[in-house]
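Chemist: Here you go, sequence then predicted model.
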Amino acid sequence: MSALLARSPEEASRLVALTLLARVEEAAGRLSEPDDAEALHDFRVALRRLRSVLRAYREPLSGSLKKRHRRQLRELADATGPGRDAEVAAGWVAAQHDTLPAGQTAGARRLFDRLEARRGKGYEKLRRRLAVEFAPLAEELQRTFGVYTREVRLAGDSGSDTFGELVARETRRDLGRLLAALDAVCAVDDAAACHRARIAGKRLRYLLEPLTGDLGAVQPILRMLKRLQDLLGELNDAHVLEEELAGAVDGAARERSRQLFAGALDGDGEPAAEEGWGPVEALLTLARRNRERRDLRYAELEVGWLQEVGGDGAERRRLAATVHGLLRWLDAGFNPPPPVGDESVPTPAP
């Protein structure tokens, strides 16, 4: 039996929370290093993992976690968004630079510089906030997670006896929410539904990740969820960038219109139709490529994850079957040990 799963929910949930909090602190310390390109991403992911676990284990952590703590963690997570979104978009634009038509690279560079400036501002704002807020919060959470009081009933129902029972209940809930969120995705431009499915997948993944050291059977589940997360993540990036590009095209067109108007009033004559429209053409080229990326990722999602049972949704069916196998094993009392194979299904006790 897994050592962690056999512990009480109160003890195990705090051990998991302390481990994840330490990872957030480590990532936060790297944000001050200018050459660490992954610092913001790692901090954001570590913080998301912590918040997801705190949400899942709200009941056993109730004596240690206050509403104020949750609010502060949520606000810090929200503060990481603008910088990270700009960083991802800038990286994609930079990757397109060498294959753009002649005359369009300057326009793409303008967009890249704007995104980089936004990323820098986001980083700096986050660093200032962390310098003031994070260290005291982390210290308080370390202290409060380090001790707990448990009520033990000598008669009657004592509730969940093990952490494993709690994990089973939360896993079953999160799987249901993920499948329902995928069912709600109906079209390629349904950005909100895709985002909700992405969040639901992350929550299930982050719920199971802390068990990898004690329970190898979760590893194939995590691999499947990682594939889904990568797919939905790139789809989300494409949705976000399309809005960015639409605004940039509008701004570039308005700027060029002002130039034409000023030139006409100054008597400079009427320029050639194509002259000066490089920034707009570059943005339109990027928009077309981004739309192609979006459509390709959605096609992969549709084939593997959005079909009903009996259709082409092999990835979805495999995930559901593997998670249900794990749940049967947890419900059977963790015996016998589940097999560890590539996307194998744990076998419950007879």
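Modeler: In hand now; what should we look at? Numbering: from 1, shown residues only.
Chemist: Test my guess that residue 320 contacts residue 182.
Modeler: No. Shown here, residue 320 and residue 182 do not form a contact pair, counting by CB atoms under 8 Å, at 10.3 Å. Quick note: C-beta positions are derived from backbone N, CA and C, even for glycine.
Chemist: So those two - more neighbours on which side?
Modeler: More neighbours surround residue 182 than the other of residue 320 and residue 182, with 23 against 17 (other CB atoms under 10 Å).
Chemist: May I ask which helix or strand encompasses the more buried one?
Modeler: Assigned by DSSP states H and E, residue 182 falls within helix 163-183.
Chemist: Could you identify the helix or strand that succeeds that helix?
Modeler: helix 191-208.
Chemist: And that following helix, what does it pack against?
Modeler: The helices and strands touching helix 191-208, judged by 3 or more CB pairs under 8 Å, 6 or more residues apart in numbering; DSSP states H and E, are helix 39-56, helix 163-183, helix 219-266.
Chemist: comparing those, which gets the lowest mean pLDDT score?
Modeler: Confidence, taken as mean pLDDT, is least for helix 219-266 of these (a mean of 88).
Chemist: helices or strands up against it?
Modeler: For helix 219-266, the packing partners by 3+ CB pairs under 8 Å, 6+ apart are helix 81-96, helix 105-145, helix 191-208, helix 278-301, helix 314-331.
Chemist: And for the helix holding residue 182, what's in contact with it?
Modeler: Under the criterion CB atoms under 8 Å, 6 or more residues apart in numbering, residues 1-2, 4-9, 11-13, 56-57, 60, 160, 193, 196-197, 199-201, 203-204, 207-208, 211, 305-306, 316, 320, 323-324, 326-327, 330-331, 334 lie in contact with helix 163-183.
Chemist: Same check on stretch 15-29?
Modeler: Outside stretch 15-29, the residues within contact range by CB under 8 Å, 6+ apart are 4, 7, 39, 42-43, 45-47, 49-50, 53-54, 57, 61, 130, 134, 138, 141-142, 145-146, 210.
Chemist: What's the ChimeraX line that selects buried ones from those residues?
Modeler: In ChimeraX, a selection of the buried entries from those looks like this (16 or more other CB atoms under 10 Å):
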select :4,7,39,42,43,45,46,47,49,50,53,54,57,61,130,134,138,141,145,210
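Chemist: Pull the number of nearby residues for the closest residue to residue 191 other than its chain neighbours.
Modeler: Spatial nearest neighbour of residue 191, chain neighbours left out: residue 239 (4.1 Å); criterion: CB to CB, 6 or more residues apart in numbering. Residues lying near residue 239 (other CB under 10 Å) number 19.
Chemist: wait, what's in contact with residue 330?
Modeler: 5, 164, 165, 167, 168, 171.
Chemist: In contact with residue 224: list those residues for me.
Modeler: Here residue 224 is in contact with 315, 318, 319, 322, 343 (CB under 8 Å, 6+ apart).
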